[in-house]
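> heads up, no residue letters with this:
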């Protein structure tokens, strides 16, 4: 099982591994993670060259604070196992695997990473983008206890294609999926990221999706264009008011006069020990963002 760290993960930007300029540009962008993509963004005839380019870029380094993720092709494709074998030589923090359906897929991916020689601290993230995966969310998440699994990434484009569910503004039809995915992830202590917003030029739609995902409990969101970074980073970061409220709760519980108390009145609201824990997590997130 891979330990999840506390660095911010508000924005994860996909960049095609077949595009050298895009990968180079990623080193200067204000994202928390870069996902170099060998799957959807790369044509079949370009996949072998893109794989070599990804390994080279990762070995070159220079990505700074940005977590480096590599999205591979599914193991059921002609490229999946070759991707894993090659990426064992790349200093990535996680492998992102698409098209998983059940717990057996997680076990196969984790086993393949072990056999390829990945270091123990390289995590496995998986796309939740098939109807079968949605129906098996809890069972898939439970494998985090015995495999490299450490993250979920929603893929609503593929899920919409396979299910016939329409991706309408507000994503109302997908709310049950969002909620169940978050609950499964939290039950087993893994990262969860929202899917991409296809409307590159519609900042209002992007912000609405970010707010929806944040309020639904997601850690952050995957993105397809640098123009989406500012809104995503802002929405998933604690506000000045959030920080002030959290500091007030921590200060109140730290007051010797309140020693031993399980509930306090803070700024006109009741604060219990569970709120103290939430406040401490929020302040840790704010500090991590500030340090970055």
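Looks like it came in fine. Note that the structure is a prediction, hence the values are computed from the model and not measured. Residues are numbered from 1 along each chain as shown.
> who's in contact with residue 142?
The contact partners of residue 142, by Cβ atoms under 8 Å, 6 or more residues apart in numbering, come to 103, 188. For glycine as for every other residue, the C-beta is placed from the backbone atoms N, C-alpha and C.
> buried sites along the helix or strand hosting it?
Residue 142 is part of helix 137-142, with elements assigned from DSSP states H and E. For helix 137-142, burial by neighbour count (16 or more other Cβ atoms under 10 Å) applies to 137, 140-142.
> please apply the same query to stretch 116-124.
Here stretch 116-124 shows 116, 118, 122-124 as buried, counting by 16+ other Cβ under 10 Å.
> nearest to residue 150 among those residues?
residue 123 (3.8 Å; Cβ to Cβ).
> low-confidence ranges in the stretch 101-250 of the chain?
The stretch 101-250 of the chain contains no residues with pLDDT under 70.
> what segments of it are helices?
Ranges of helices within the stretch 101-250 of the chain are 103-116, 131-135, 137-142, 156-163, 175-187, 203-216, 229-235, 240-254, based on DSSP state H, counting those that start in this stretch.
> and the buried residues of stretch 116-124, which is closest to residue 41?
residue 124 (20.1 Å).
> show me what contacts the residue nearest to that closest one when sequence neighbours are not counted?
Nearest residue to residue 124 in three dimensions, chain neighbours excluded: residue 148, at 4.0 Å (Cβ to Cβ, 6 or more residues apart in numbering). Contact analysis of residue 148 by Cβ under 8 Å, 6+ apart lists 1-2, 109-110, 113-114, 118, 122-124.
> rerun at 6 Å
Neighbouring residues of residue 148 by Cβ atoms under 6 Å, 6 or more residues apart in numbering: 2, 110, 113, 123-124.
> dump the residues you listed into JSON lines; add distance to residue 175 as well.
Output for the contacts of residue 148, formatted as JSON lines (distance: Cβ to Cβ, whole Å):
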{"residue": "2", "distance to residue 175": "29"}
{"residue": "110", "distance to residue 175": "30"}
{"residue": "113", "distance to residue 175": "33"}
{"residue": "123", "distance to residue 175": "28"}
{"residue": "124", "distance to residue 175": "27"}
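> thank you kindly, that will do.
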